[in-house]
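Novice: the following comprises the amino acid sequence and a computationally predicted model.
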Amino acid sequence: MMKWQRKILKQVSYPLLLPISKWYAAKERTAMVDGIALTVQPGVFHPSLFFSTKFLLSWLKQQSLQNLTVLELGAGSGLLAIYAAKQKAVVTASDISTTAYDNIQMNCTKNDVSIQVILSNLFNKISNPCFDIILINPPYYPKNPISENEFAWFCGEDYDYFQALFFQLPNYLKNTSKAIMVLSEDCNIEVIQSLALQNNLSWKLIAQKNFWAEENYLFQITHTSNN
């Protein structure tokens, strides 16, 4: 499907799908994803309603994770963190939302995994020096969030989220580390990439997949000095 065709399909279908997804997400829901049982609280990003988290999960399932240090930054329900913990990684999950923080802990108990869960705006409260893998499903719509749950969607009118993220990220990457970020064609990838490059970070497309009417991308981010 061509990009212009996907755009038309979105314009036709989104007025119907958006209110349905908002209605569904307004109540506590349960989901089973790759054998991981999740409870998703209202206001928490639901990994089964959107393709981005599952795209990251598909990459993660191809990795050997045993004994690696893994951070899911902005973890929401904690799906990726729980999967990594089940593969015997040493896992940290963080989120700026108090609801998501409680939700991650609930799902860790539900799946009998041990994960360090941190309430943090990006890396502000994360004391771990570095991680082998950092997983990022970021907010990317350029609007200022006005409520806690909007932090999952809006990155600020001036891309404040990405400016802060890429300024902090180099301090948490070892020489062999990598951050994996999922983005959609709906966002301004050129602006986001330029902010990464300004902070001595290298940017590489590693996967691309069309989900229904939307092209999604996985980018690997490392220190420029490692390439």
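Specialist: Great, that's in hand.

Novice: what about the helices in this structure?
Specialist: Assigned by DSSP state H, the chain shows helices spanning 3-25, 52-60, 79-86, 98-110, 160-168, 189-197.

Novice: give me the number of residues near L197?
Specialist: As a burial measure, L197 scores 12 neighbours (other C-beta atoms under 10 Å). For every residue, glycine as well, the C-beta is placed using N, CA and C.

Novice: got the contact list for it?
Specialist: By C-beta atoms under 8 Å, 6 or more residues apart in numbering, the contact list for L197 reads 203, 224.

Novice: how much space separates it from P170?
Specialist: Note on L197: its distance to P170, by C-beta to C-beta, to the nearest Å, is 12 Å.

Novice: weakest of the helices of the chain in terms of mean pLDDT?
Specialist: Lowest mean pLDDT of the helices of the chain: helix 3-25, a mean of 47.

Novice: residues near K143, how many?
Specialist: Neighbours of K143 using other C-beta under 10 Å come to 12.

Novice: tell me who's in contact with the nearest residue to it once chain neighbours are set aside.
Specialist: Distance criterion C-beta to C-beta, 6 or more residues apart in numbering; nearest residue to K143, sequence neighbours excluded, is F154 at 4.3 Å. For F154, the contacting residues are 139, 141-145, by C-beta under 8 Å, 6+ apart.

Novice: report the central residue of the chain.
Specialist: In the chain, the residue lying closest to the centroid (C-alpha atoms, centre = their mean) is N137, at 1.8 Å.

Novice: for that residue, what are phi and psi?
Specialist: phi -110, psi 90 (degrees, to the nearest 10).

Novice: do Q63 as well
Specialist: Main-chain dihedrals, Q63, degrees, to the nearest 10: phi -100, psi 150.

Novice: out of everything not next to it in sequence, what's closest to it?
Specialist: I133 (7.3 Å).

Novice: what is the neighbour count of F51?
Specialist: Look at F51: counted by other C-beta under 10 Å, it has 18 neighbours.

Novice: which residues touch Q193?
Specialist: Counting by C-beta under 8 Å, 6+ apart, Q193 has contacts 203, 219.

Novice: quick revisit: quick check, the residue nearest to Q63 in contact with E72.
Specialist: No: counting by C-beta atoms under 8 Å, I133 sits too far from E72 to count as a contact (9.3 Å).

Novice: give me the common contacts of these two.
Specialist: Counting by C-beta under 8 Å, 6+ apart, the contacts common to I133 and E72 are A84.

Novice: out of those two, which sits in the more crowded spot?
Specialist: Neighbours were counted for I133 and for E72 using other C-beta under 10 Å; E72 has more, 31 against 22.

Novice: now that one: how far from S114?
Specialist: Remark: distance between E72 and S114 (C-beta to C-beta) = 14 Å.

Novice: same check, this time on I82
Specialist: 10 Å.

Novice: the two: which is more packed in?
Specialist: I82 (27 against 8).
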